[in-house]
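# sequence and predicted structure below; questions after.
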Amino acid sequence: MLAWVAAAFAIGTANPKVEFKIQDRGSFTMELFADQAPKTVAHFVEITEKGFFDGILLHRRVENFVLQSGDSKSRGWFPEDAAARPGLMSATENLGDGGSGRTIQFEKGAGHHARGTVGMALESPGDNSGDSQWFINLNENTRLDGKYCVFGKIVKGMDVVDKAKRGDLVLSARIVK
């Protein structure tokens, strides 16, 4: 997959884009930065194409900070149950540690954590624990620069991101042209 992303970028193909459809909210589209974070983007594209994100929840929202998803353990939860449960740092209790089972090497990336950028969640800043959990910056979060990889940005539907709540259901995630 990494070779595909690298080859596509080398021949001038646009960065891949992923559309997420969120139940009762609408959709948002993120552009992935294959040039800045090729390993992260290749992994994200691969698991997206396998349907990994379909049926999981937006399991964490911290106002003026981040909206987070990508936890495989949230699959099968009812959104209203997840939203009603208590949680540490605005994450749903018992969620936040699931993944695809394959971690990737940390990439520092060249971007900074501006509003609308997409970052790879990690167990600890700068470690090699990135997998399927990602976040959208809801504000300028420059304190994350160099510690979490920026690998994309929202190019359509930031209003949907702003309305999204902890516990919202991801109906589908698809690579789009």
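The structure has been received and is ready for your questions.
# quick check: Ile136 touching Gly152?
No: if you go by CB atoms under 8 Å, Ile136 and Gly152 don't touch, sitting 9.0 Å apart. Quick note: C-beta positions are derived from backbone N, CA and C, even for glycine.
# quick one, which of these two is more surrounded?
It is Gly152, of Ile136 and Gly152, that has more neighbours when counted by other CB atoms under 10 Å, with 30 against 25.
# the more buried one in helix, strand or coil?
Following DSSP: H, G, I helix; E, B strand; the rest coil, Gly152 is assigned to strand.
# so who does it touch?
Val18, Met30, Glu31, Leu32, Phe33, Val41, Phe44, Thr117, Val118 (CB atoms under 8 Å, 6 or more residues apart in numbering).
# of those - the most surrounded one?
Highest count within the contacts of Gly152 by other CB under 10 Å belongs to Phe44, 33 neighbours.
# how about it, secondary structure?
Classified using three-state DSSP, Phe44 is helix.
# now it: closest residue in space, sequence neighbours ignored.
Leu32 (6.3 Å; CB to CB, 6 or more residues apart in numbering).
# what about that neighbour, distance to Gly96?
23 Å (CB to CB, to the nearest Å).
# and if you look at Ala121?
9 Å.
# what do those two both touch?
Common neighbours of Ala121 and Gly96, using CB under 8 Å, 6+ apart, are Gln68, Gln133.
# gap between Gln105 and Leu32?
Taking CB to CB, one finds Gln105 at 17 Å from Leu32.
# my bad, should have said Gly157
Distance from Gly157 to Leu32, by CB to CB: 15 Å.
# can you check Met120 too?
11 Å.
# and what of Lys153?
Taken as CB to CB, the span from Lys153 to Leu32 is 9 Å.
# between the two, which contacts overlap?
Val118.
# excluding chain neighbours, what is closest to the most centrally placed residue in the chain?
In the chain, the centroid-proximal residue (CA atoms, centre = their mean) is Trp134; its distance is 2.9 Å. Spatially, and ignoring its direct neighbours in sequence, Trp134 is nearest to Gly70 (5.1 Å; CB to CB, 6+ apart).
# what's the answer for Ala83, then?
Using CB to CB, 6+ apart, the nearest residue to Ala83 is Gly167, at 3.0 Å.
# surely that neighbour forms part of a helix?
No: read with three-state DSSP, Gly167 is coil and lies in no helix.
# what about it, how many residues nearby?
23.
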